[in-house]
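**Q** Below: sequence and its predicted model.
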Amino acid sequence: MDIVINNALIPDFKNYRFKKCHIGIKNGIISKISDVSINGETVINADERLVSPSLIDCHCHIESSYLSPYYFGQFVANYGTTCVIADPHEIANVSGISGVNYFIENAKLSDIDIKFAASSCVPATNIVKGGGSLTVNDINSLLSKDEVVALGEVMDIEGVLIKKRGLLEKINYAITKNKRINGHAPQLKGEKLINYINYGSIEDDHECESAEEIKEKLEAGLNIFIREGSSATTEVGAYKLAEKYPHNIMFCTDDKSPLDIAQSGHINFHLRKSVKAGLDPLLALKLATINGFKYYNLEGGLASEGMPANLVIFEDMKNFFVNKTIIKGKIFKENYNKFHTPDNLLHSINVKEPLLIPKLNENVEHIIIKVKENSLITEKEYLDKDYKHPEYVIDRDILKLVNIDRYNRNLSAAARIKGFGLKKGAIGSSISHDCHNIVAVGTSDKAIKNVVDKIINIDGGLVCFDGINYETVRLNIGGIISSENPSKLTKDLKNLNEMVKKTGCTLKEPFTLLSFMALEVIPHIKLTTAGLYDVDLSKLL
């Protein structure tokens, strides 16, 4: 045997128990499960620790980690994840099919298995503009690839309900290719939910925050990916639904920053939260492993003879800290080599000159976008419409949000926003879902302009200006990805977040939350480059 793991506890999902055994690995395959100890070249004594099949992230956007697919894969392997289903619609919105193909090729450098979903809505709706799009032919081409296992989240709910031709063509092609169809249905309910599922052949959803919402969608026939991202989490009580729906619930991160992963883990965080919520550890492991592999028709998720030797040795069944990750029969060791990036992705920020910070539109200046921690849902708050308010009311946390086109178009808009808590300076980013224009929130036009200028100068990234000094994280690949490795990137992010705290902001992940303030498919109100958008009414205000 190449590797032996003696004295292991493995999950036996068929008989629903933990089984003490000894595992022999040869040529990347689990070749023997024995009741007696085994000899081999490398022998690990698990000392009755849990040895689980490796974990799967059923839906994520790698771009939200600010890492390349290669570096992302190496990073999350440390936390027991060896398979992810990535929807690359961020890079697609920046550079279309060429960006997606770059991601697919870059992912092959990673030790983990990175599969993809063909992004169905690039752009998300017809009222926004990015730097790239994916046509029906592009989607057909992607769905023909072995690396692509699904049609990416169908965000254009109205497009499904009115049976928009191009969108339905993409869906029908996915059906003919036997690929999954991922959904995106935040707060959708009742007849509208049923029609969305039926018209779009939608099979799953990850946009839930409450147990009540998850229950309705499960009863409607959807599979659910419980999401634990950096700015969108799921209430603890939702995990208990797995006791009634043990085969229809899986785990995903969707959008999780590298700093958050370094501090709290990846899919192993779901395991920790599951057990804390009162879920049986064996059931929690089922949601994190075999359910996802079966759902996507992938090989894996079982610790049994003949299966790939992708395993995780956990320290315990409470915190699920990783002792070792084994990938394809080899003990994983973190490593990062340099990789090539096409020139067209390295200088992609092109703001129309002269740069002007937009003023508030007088027709909507009484409307405030209200944000809250751990949620992508924004509420509407109102000022007295008959009174002329100043643009900034800092002592009431009423600041200004701007969205500025970065693709050499003369488009920009501004709105009031509440919840960031800045008392001075500004923060900004060239990541703004899904088009990835430049978004910034600040305490004055001057501070916001300083931040936007700095983003342009560093070819894209995250910037904080405290009124005197700057902290930056350069995202030089498409304005959304860093060429740095996770160690350097997390260090830079820590420095950035320390300065943000000094501006008065108390949000845990301010840049992740800021990046969603432009996404016009998540309720209730967002700011696009075309203006303030009411998601509930599906129209610009």
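**A** On my side now, so go ahead.

**Q** Residue 328 and residue 28 touch, don't they?
**A** Yes. Taking contacts as C-beta atoms under 8 Å, residue 328 lies within contact range of residue 28: 4.4 Å. Placement of C-beta: from N, CA and C, glycine included.

**Q** between those two, what contacts are shared?
**A** Residues touching both residue 328 and residue 28 (C-beta atoms under 8 Å, 6 or more residues apart in numbering): 308, 309.

**Q** now residue 540, nearest residue through space, not along the chain?
**A** In space, residue 540 comes closest to residue 531 once its chain neighbours are excluded; the distance is 4.9 Å by C-beta to C-beta, 6 or more residues apart in numbering.

**Q** Angles on the backbone of that neighbour, please.
**A** Phi and psi for residue 531, reported as degrees, to the nearest 10, are phi 130, psi -180.

**Q** Near it, how many residues? Count them for me, please.
**A** Residues near residue 531, counting by other C-beta atoms under 10 Å, number 19.

**Q** show me the contacts for it.
**A** Residues in contact with residue 531, defined by C-beta under 8 Å, 6+ apart, are 361, 364, 413, 540, 541.

**Q** Which among the residues you listed count as buried?
**A** Among the contacts of residue 531, those classed as buried by 16 or more other C-beta atoms under 10 Å are 364, 413.

**Q** Not counting its neighbours along the chain, what's nearest residue 444?
**A** Of all residues not flanking residue 444 in the chain, residue 392 sits nearest, at 6.4 Å (C-beta to C-beta, 6+ apart).

**Q** how near is the one you found to residue 290?
**A** According to C-beta to C-beta, to the nearest Å, residue 392 stands 53 Å off from residue 290.

**Q** Those two: which is more packed in?
**A** Each of residue 392 and residue 290 has its neighbours counted (other C-beta under 10 Å); residue 290 has more, 21 against 17.

**Q** Which of the helices or strands spans residue 270?
**A** Residue 270 is part of helix 267-276, with elements assigned from DSSP states H and E.

**Q** what's downstream of that helix, the next helix or strand?
**A** Sequence-wise, the next helix or strand downstream of helix 267-276 (DSSP H and E) is helix 281-288.

**Q** what does that next one contact?
**A** So helix 281-288 is contacted by 11, 13, 16-18, 50, 52-53, 55-56, 226, 239, 242-243, 246, 249-251, 267-268, 270-271, 274-275, 317 (C-beta under 8 Å, 6+ apart).

**Q** Regarding the protein, what is its longest helix?
**A** helix 89-107 (DSSP state H).

**Q** helices and strands around that helix, which ones?
**A** helix 69-76, strand 113-118, helix 136-143 (3 or more C-beta pairs under 8 Å, 6 or more residues apart in numbering; DSSP states H and E).

**Q** Pick the most deeply packed of the ones you listed.
**A** helix 69-76 (a mean of 26; mean count of other C-beta atoms under 10 Å).

**Q** Only C-alpha atoms, please: export that one in CSV.
**A** Presented in CSV, the C-alpha positions along helix 69-76 are these (Å, rounded to 0.1, in the frame of the first residue of the first chain):
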residue,chain,number,x,y,z
PRO,A,69,-8.9,29.2,-9.4
TYR,A,70,-5.5,27.5,-9.0
TYR,A,71,-4.6,29.4,-5.8
PHE,A,72,-8.2,29.0,-4.5
GLY,A,73,-8.1,25.3,-4.9
GLN,A,74,-4.8,25.0,-3.1
PHE,A,75,-6.1,27.2,-0.3
VAL,A,76,-9.4,25.4,0.4
